[in-house]
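*Asks:* Output the structure for:
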Amino acid sequence: MKYLHIGFGKTGSSYLQKYVFPIISKEKKIQFVDLRNLYRYKKKKSNSYKVTPLELLKKYNRERFLISDESLVAKNWEHNKAKKSFECIKKKFSKDTVIIIFIRKPSDFIRSNFIQKSF
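*Replies:* Purely as a prediction, here's the structure:
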């Protein structure tokens, strides 16, 4: 199975990446790739070497995986670009890839973002 999680921020993605996806990947015997960690690692390794999440995806487009990264749907959670991003991602993966996306009610998203940045 191929799973690709491209959820927006403030929809529980960090919880899924930390607690849920590792369990699912172990039970299904598939590789879990949290692109956030790979992207941070590559960026820290050398300031001049920057790689986009989509470039990292090319490396992990295998037969069995679970990939997760919030920035795949749109940089900085720009909801107005989600459809274009989704269509681009669909083209890069085979038709048997299950794409998982969570969308939060806009008013809840704004409130959650405000609360997080206030403290």
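
*Asks:* Phi, psi for the spatially most central residue of the chain please.
*Replies:* Residue closest to the mean C-alpha point of the chain, counted by Cα atoms, centre = their mean, is residue 69 at 1.6 Å. Backbone geometry at residue 69, expressed as degrees, to the nearest 10, gives phi -170, psi 130.

*Asks:* Same check on the one 3 residues further on?
*Replies:* Dihedral angles phi and psi of residue 72 (degrees, to the nearest 10) take the values phi -70, psi -30.

*Asks:* Distance of it relative to residue 29?
*Replies:* From residue 72 across to residue 29, the span is 24 Å (Cβ to Cβ, to the nearest Å). Quick note: C-beta positions are derived from backbone N, CA and C, even for glycine.

*Asks:* Same check on residue 91?
*Replies:* Relative to residue 29, residue 91 is positioned 28 Å away (Cβ to Cβ).

*Asks:* re the thing from before, who has more neighbours, residue 72 and residue 29?
*Replies:* Set residue 72 next to residue 29 and count neighbours by other Cβ atoms under 10 Å: residue 72 wins out with 25 against 8.

*Asks:* mind checking how far the residue nearest to residue 69 when sequence neighbours are not counted is from residue 114?
*Replies:* Nearest residue to residue 69, sequence neighbours excluded (Cβ to Cβ, 6 or more residues apart in numbering): residue 35, at 3.6 Å. Distance from residue 35 to residue 114, counting by Cβ to Cβ: 27 Å.
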